[in-house]
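A.B. asks: Structure for this input, please:
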Amino acid sequence: MECGIVLAGSEVKSVKAGFLSFPDAFGEVKQGEVWVRGLHINENPCSSVFNHDPDRPRKLLLHRAEIKRLTRKVDEKGMTLIPLEFYLKDGRVKILLGVCRGKKQFDKRSEIRDRDLRREMQRDFKERGQRI
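C.D. replies: Numbering: from 1, shown residues only. Have a look, this model is predicted:
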């Protein structure tokens with residue numbers, strides 16, 4: 001779902017310059033409003049003393065019906081709001097917001113096991129390549 005975001009002027013400059021990090025960001029519905037937390041927008045070096053707080057929660061702009069729909073989906077077990085993409089549209093910063101299901105513990109374990117196996121295979125190939 002595409003939604004707008006409430007930003008200060010220095011934040012918009014920072015986003016346009018690419019000073020944006022959101023690997024741990026998530027959305028939450030609180031009192032009929034949608035907020036994004038964990039979004040880090042670095043301070044713009046050209047903004048002097050009027051810089052913003054890089055880690056503050058930011059309000060997302062959605063219609064009331066869209067918020068109700070998201071609330072119903074998020075209330076399901078294990079569902080959460082995740083910002084998938086940030087982009088500019090007509091000079092405004094937009095967020096592509098997705099409803100995602102978190103990983104189970106066994107999914108995490110199998111992913112770690114697969115990553116370790118790949119790493120070992122790469123080591124073996126590297127050693128064989130150097131011996132020849």
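A.B. asks: Tell me how far stretch 37-57 lies from the chain's centre.
C.D. replies: A distance of 16 Å separates the centroid of the chain from that of stretch 37-57, by Cα atoms, centre = their mean, to the nearest Å.
A.B. asks: What is the end-to-end distance of it?
C.D. replies: The first residue of stretch 37-57 is 5 Å away from its last residue (Cα to Cα, to the nearest Å).
A.B. asks: What helices and strands are in contact with the strand or helix carrying residue 29?
C.D. replies: If you go by DSSP states H and E, residue 29 is part of strand 26-30. With contacts taken as 3 or more Cβ pairs under 8 Å, 6 or more residues apart in numbering; DSSP states H and E, strand 26-30 sits against strand 33-37, helix 64-74, strand 79-89. Where C-beta positions appear, they are placed from N, C-alpha and C, glycine not excepted.
A.B. asks: hey, which of the ones you listed is tucked in deepest?
C.D. replies: Mean neighbour count (mean count of other Cβ atoms under 10 Å) peaks for strand 33-37 among the helices and strands packed on strand 26-30, with a mean of 18.
A.B. asks: and the protein, what are its domains?
C.D. replies: 2-101, 103-132 (automatic domain parsing).
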